[in-house]
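**Student:** One predicted model, sequence on top.
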Amino acid sequence: MSILAASTDVDVWHQIFNFTDYGELLSLVRNSIIAGVALGVVGGLIGVFVMMRDLPFAVHGISELSFAGASGALLLGINVVAGSLAGSILAAVLIGALGSRARDRNSIIGVLMPFGLGLGVLFLGLYKGRAANKFGLLTGQIVAVDTPQLSWLIVTGVVVLLGLLIVWRPLMFASSDPEQAAARGVPVRALSLVFMLLLGLAVAISVQIVGALLVLSIVVTPAAAALRVAAAPWLVPVLSVVFATVSLVGGILLALGGSLPISPYVTTISFVIYVVCRLVGARQGKRSWMPLRLLRPARG
Amino acid sequence: MLNQTTMSEPVLQFDDASFGYGQRRLWGGLSMDLAPGEFLAVLRAGGSGKTSLLKAVLGLQPLLSGTVRVVGAPPHQGSTKIGYVPQHRRIDSLTPLRARDVVGQGLDGHRWGIGRPDRARRRQIDDMLASVGAGDYADRPIGVLSGGEQQRVRIAQALVADPKLLLCDEPLLSLDLSSQRTVSGLVDRRRRTHDTAVMFVTHDINPALPYVNRVLYLAGGRFRMGTIDEVMTSATLSDLYESPVEVIRSGGRVLVAGVPEWPDPHHAHDSAPSLQAG
């Protein structure tokens, strides 16, 4: 009786963590790790603006339409990343164009999201291929990133990264003080649309790796964590990127041996980082601000 | 009081300007010159079109008719000749900017790219923060500063590019009395040391009273302009409001009693303080 119970325990444990033949497995997921790093950089950076512009709900809405696009592509047998991108961009443009005020935006997202999810479920229902492909789009996949897909992801990631670097200062200005930025000649409205497009691209990449349901763990949680412990405009993005990358690569490495999807590992690491940052942030109190003083170079 | 340099050209000029949106004319007939170093208070009662005035100066919205010139040229968006202090709004505590970064935005926040660390820029920001007395919290997150501290930082942000005209939109709103005095004092010092012209929109003139050269009083689509002694009188304001208004000057303060409620419900709170005591 007790032997039986013990062996079930071990089985469950092995499903979650299993490091036999780890070295061989590692070479299989090389692509995923590269994709994970790329997504960590992009998701971590864009997350800072998602937080500043109060867009976490939009991220969720975009990812559901991205899921619909990806599952449609899966059904039609065309490139899944392209389908995912198409869905994302459509959602981002709709939300950006129709929802300049927060209330409008939230209602538009609330309308789009279930529609996207419903479409996605329909396409997957009709799809006769491998079940793992279906599940992967919602909750993430680990070895599914093949080389042509990887190049799509990398190219998209580079586009988002370059886009963000170009608009960084005015976007920061427009996100923190839109009125003052407009007075200074920052094209606030155009920047907002550009940002939604970049966000759409970033979400499309995330859907491929962590799945549509869990995009927020990469695009929101790391930036939210970073904002708890830092305020310098260079330190927050750096920390956010580090947190996102650690969550993704850590998640992939831990998921490798077990038989579960990657997402529970990624979301758990990301969540733990957030909790730790909240505790550290509460402890240091925003007023004393120790980490910043330690990290700031001494004045010359 | 006004150290006027008569030969220098006006910083701001309106010539028979009228303001409004689309076909809707809000008010008009404004002709005025603002000299370097001059302190103009724009007093307003609810729904009186001060937003259209500010937008016209900032080049965000064209006049319905007439002309406006800022330092001799038509205003254009993003002009560094104007420093703008928007209406006070609490900044979210999770904004990833320190006081010094907010001031830095006044220098190069509108430029593309990510910017590079720059010694001269840093010194300029430090000096600006020190001159508004905000040096102690230069490295604090902007979101955790008090309302008065945030407002000092915003003034530093507006002044750091050394504008010819400082435009303040209700800079004292929701500040405590001592912060109100400090902020208006800072603005006054700047125009004395740098000859910056000041256009100071407020609903309560008292915190700025010692510094004001001229008043532009807007009410119900009409206006009166002149010195405090000319405008802030029972006769002038009664005429402007078309209703008996009493102006009492006592102890270095101006109290206006009996301002009628304005019909526009959105601005009811603006006109409510009929007794503008400090």
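**Tutor:** In hand now; what should we look at?
**Student:** how about the residues of the stretch 101-250 of chain B near chain A?
**Tutor:** B:101-102, B:105-106, B:108-115, B:139-144, B:154, B:157 (C-beta under 8 Å from any C-beta of the partner chain). The way it works is simple: take the backbone N, C-alpha and C, and place the C-beta from them, glycine included.
**Student:** Any of those buried? List them.
**Tutor:** B:101-102, B:105-106, B:108-110, B:115, B:139-144, B:154, B:157 (16 or more other C-beta atoms under 10 Å in any protein chain shown).
**Student:** Max pairwise distance over these: which two?
**Tutor:** Of all pairs drawn from those, the one with the longest distance (C-beta to C-beta) is B:110 and B:144, at 25.6 Å.
**Student:** how about the residues of the stretch 101-250 of chain A that lie near chain B?
**Tutor:** Close to chain B, as judged by C-beta under 8 Å from any C-beta, the stretch 101-250 of chain A has residues A:165-170, A:172-173, A:176-177, A:179-186, A:226-228, A:230-233, A:236-237.
**Student:** By proximity to chain A, which residue of chain B wins?
**Tutor:** residue B:78 (1.7 Å; C-beta to the nearest C-beta).
**Student:** which secondary element of chain A has the worst mean pLDDT?
**Tutor:** Every helix and strand in chain A was compared by mean pLDDT, DSSP states H and E; the lowest is helix A:290-295, with a mean of 44.
**Student:** mind listing the helices for the stretch 1-150 of chain A?
**Tutor:** A:2-16, A:22-28, A:30-52, A:56-76, A:80-98, A:102-126, A:131-139, A:147-176 (DSSP state H, counting those that start in this stretch).
**Student:** Chain B now?
**Tutor:** B:50-58, B:99-108, B:119-131, B:147-159, B:177-194, B:228-231, B:234-241, B:268-271 (DSSP state H).
**Student:** Serialize the ones you listed to JSON lines and add fields for mean pLDDT and distance to residue A:48.
**Tutor:** Shown next, in JSON lines, are the helices of chain B (pLDDT from 0 to 100; distance: least, C-beta to C-beta, whole Å):
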{"stretch": "helix B:50-58", "mean pLDDT": "90", "distance to residue A:48": "28"}
{"stretch": "helix B:99-108", "mean pLDDT": "95", "distance to residue A:48": "13"}
{"stretch": "helix B:119-131", "mean pLDDT": "95", "distance to residue A:48": "22"}
{"stretch": "helix B:147-159", "mean pLDDT": "93", "distance to residue A:48": "21"}
{"stretch": "helix B:177-194", "mean pLDDT": "92", "distance to residue A:48": "31"}
{"stretch": "helix B:228-231", "mean pLDDT": "93", "distance to residue A:48": "48"}
{"stretch": "helix B:234-241", "mean pLDDT": "91", "distance to residue A:48": "49"}
{"stretch": "helix B:268-271", "mean pLDDT": "38", "distance to residue A:48": "36"}
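**Student:** Can you add distance to residue A:195 and give these back as JSON lines?
**Tutor:** As requested, those are exported to JSON lines (distance: least, C-beta to C-beta, whole Å):
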{"stretch": "helix B:50-58", "distance to residue A:195": "23"}
{"stretch": "helix B:99-108", "distance to residue A:195": "17"}
{"stretch": "helix B:119-131", "distance to residue A:195": "26"}
{"stretch": "helix B:147-159", "distance to residue A:195": "22"}
{"stretch": "helix B:177-194", "distance to residue A:195": "33"}
{"stretch": "helix B:228-231", "distance to residue A:195": "46"}
{"stretch": "helix B:234-241", "distance to residue A:195": "46"}
{"stretch": "helix B:268-271", "distance to residue A:195": "34"}
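**Student:** contacting residues for residue A:200?
**Tutor:** Contacts for residue A:200 (C-beta atoms under 8 Å, 6 or more residues apart in numbering or on different chains) come out as A:62, A:66, A:85, A:88, A:89, A:91, A:92, A:93.
**Student:** any idea what sits nearest it, other than its immediate chain neighbours?
**Tutor:** With C-beta to C-beta, 6 or more residues apart in numbering or on different chains as the criterion, residue A:200 has its nearest non-adjacent residue at 3.1 Å, and that residue is residue A:92.
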